[in-house]
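1. Starting from these lines, generate the structure:
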Amino acid sequence: MQAPQPKMQGLGLAFLGFAFFATHDALIKSLGGSYSVFQIIFFTTLFSFVPMTVVMLADRKVDNFLPHHPWLILLRSGLMISAMSGTFYAFTQLPMAEVYSILFTVPLIITVLSVPLLGETVRAQRWAAVAVGLIGVMVVLRPGSTELTLGHGAALVGAFSSALSNILVRKIGKEERSAVMILYPMILSVIAMAAIMPQVYVPPKLGHLGMLAAVAILSVIAQHMIIAAYRAAPAALVAPSQYSQIIWAALFGALFFQESPDIYVGIGASIIILSGVFVVWRESREDVSERNPVLRNPNMRVDTGPSTRPKPLTTGGLPPAPGAHQQVPGSER
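-> Numbering: from 1, shown residues only. As a prediction, this is how the structure comes out:
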């Protein structure tokens, strides 16, 4: 049994890590008024090569960077580009709290996709939680009574792409090295964005270059904090801390972007959060889930950058959830 102090330290690291992620997203929103989403992705990924190179060079176990599943690595890279593009664009177009409300459906999407893609058995209670979460999405979006924009569609694309990316890592992470899972999406992101840059490029100001570098650094630091959190505390305790981002979203939105989400966003977000927490709680019970597809994806926010997560063989990339089953056929913030 873990001592209370490490648990509390882990929880504190998780809250701090997700606060850094919220700051990362606020910077993206701020930059969105001056630059294309594709240019933002290009520069933030480019800046990420510096800390990522240090991390990869420190991994003495890596003797080559050849993937065992090249086509699946290529697919995951495409999903990450889709997730980044959709999420970044949504943040530039919608209030932060509204974007988070949609992105918080990622655990619910993972739960649904785990049935056909991981062979997970989802029982009635978790299906009910997914249904309740979808009701929450409808409350946030209010189709028919409010204008649905490209930003809403982009957020949904980001959520689905992130969920698929996480599921894919669960399937192949046991056989793929961490460095491979990091390097190829980064390289392909830079190549894809570089191909688009001639059409969208705007010379960046010096201060904005600093903000772009800060986005990359914040992502790396936040990822490491969340890794440390999952090592110190049970996944079922740490996972719900991701929802604290809605508080930062409301605060940053009010202070810097003159945003004031309406009551429907608040109600819908509360419904989605409660359903997500229920899914996490159900998976934490040993007699409920064989593969724990949500708990084994500790960074359940959208995959908006290169992952720095290590990949132990037992879980394909994530610190195993205490008490969770270890006979995992696949793998995998």
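2. Go through the worst-scoring helix or strand of the chain on mean pLDDT and flag the buried ones.
-> Lowest mean confidence among the helices and strands of the chain (mean pLDDT, DSSP states H and E): helix 235-238, at a mean of 78. Across helix 235-238, burial judged by 16 or more other C-beta atoms under 10 Å covers 235-238. To be clear about C-beta, it is placed using only N, CA and C from the backbone, and glycine gets the same treatment.
3. possible to save those residues as JSON lines with distance to residue 100?
-> Below are the buried residues of helix 235-238 laid out as JSON lines (distance: C-beta to C-beta, whole Å):
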{"residue": "235", "distance to residue 100": "21"}
{"residue": "236", "distance to residue 100": "21"}
{"residue": "237", "distance to residue 100": "21"}
{"residue": "238", "distance to residue 100": "18"}
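4. What's the first helix or strand after the least confident helix or strand of the chain?
-> Per DSSP states H and E, the first helix or strand lying C-terminal to helix 235-238 is helix 245-256.
5. Check which element follows that next one along the chain.
-> Heading C-terminal from helix 245-256 (DSSP H and E), you reach helix 263-283.
6. Now tell me what touches that next one from outside.
-> Here helix 263-283 makes contact (C-beta atoms under 8 Å, 6 or more residues apart in numbering) with 95, 97-98, 100-101, 104-105, 107-108, 111, 125-126, 129-130, 132-133, 135-142, 235-236, 239-240, 243, 246, 288-289, 292-295, 300.
7. List the buried residues in it.
-> Buried, per 16+ other C-beta under 10 Å, within helix 263-283: 264-266, 268-269, 271-273, 275-283.
8. didn't residue 172 look like it was pressed against residue 71?
-> No: between residue 172 and residue 71 there is no contact under C-beta atoms under 8 Å: 10.3 Å.
9. between the two, which one's more packed in?
-> residue 172 (22 against 8; other C-beta atoms under 10 Å).
10. I'd like the distance between that one and residue 99.
-> 29 Å (C-beta to C-beta, to the nearest Å).
11. Show the contacting residues for residue 33.
-> If you count contacts by C-beta under 8 Å, 6+ apart, residue 33 has them with residue 92.
12. Can you verify it is assigned to a strand?
-> No: assessed with DSSP: H, G, I helix; E, B strand; the rest coil, residue 33 is coil; it does not lie in a strand.
13. May I have the phi/psi pair for it?
-> Here is the backbone geometry of residue 33 (degrees, to the nearest 10): phi -80, psi -10.
14. same check, this time on residue 85
-> The phi/psi pair for residue 85 (degrees, to the nearest 10) reads phi -60, psi -50.
15. Might one say that it is in contact with residue 155?
-> No: in this structure residue 85 lies outside contact range of residue 155 using C-beta under 8 Å: 11.2 Å.
16. Which residue ranges of the stretch 101-250 of the chain form strands?
-> Applying DSSP state E, counting those that start in this stretch to the stretch 101-250 of the chain gives no strands.
17. what about residue 203, neighbour count?
-> Counted with other C-beta under 10 Å, residues neighbouring residue 203 total 6.
18. now swap in residue 90 and tell me
-> Number of residues near residue 90 (other C-beta under 10 Å) recorded here: 32.
19. Wait, it touches residue 102, no?
-> Yes: with contact defined as C-beta under 8 Å, residue 90 reaches residue 102; the gap is 7.3 Å.
20. For the one helix or strand residue 27 maps to, name the packing helices and strands.
-> Using DSSP H and E, residue 27 sits within helix 4-31. When contacts are defined as 3 or more C-beta pairs under 8 Å, 6 or more residues apart in numbering; DSSP states H and E, helix 4-31 sits against helix 70-93, helix 96-103, helix 206-232, helix 235-238, helix 245-256.
21. can you give me the mean pLDDT across the last one?
-> Helix 245-256 shows a mean pLDDT of 93.
22. Okay then, goodbye and thanks.
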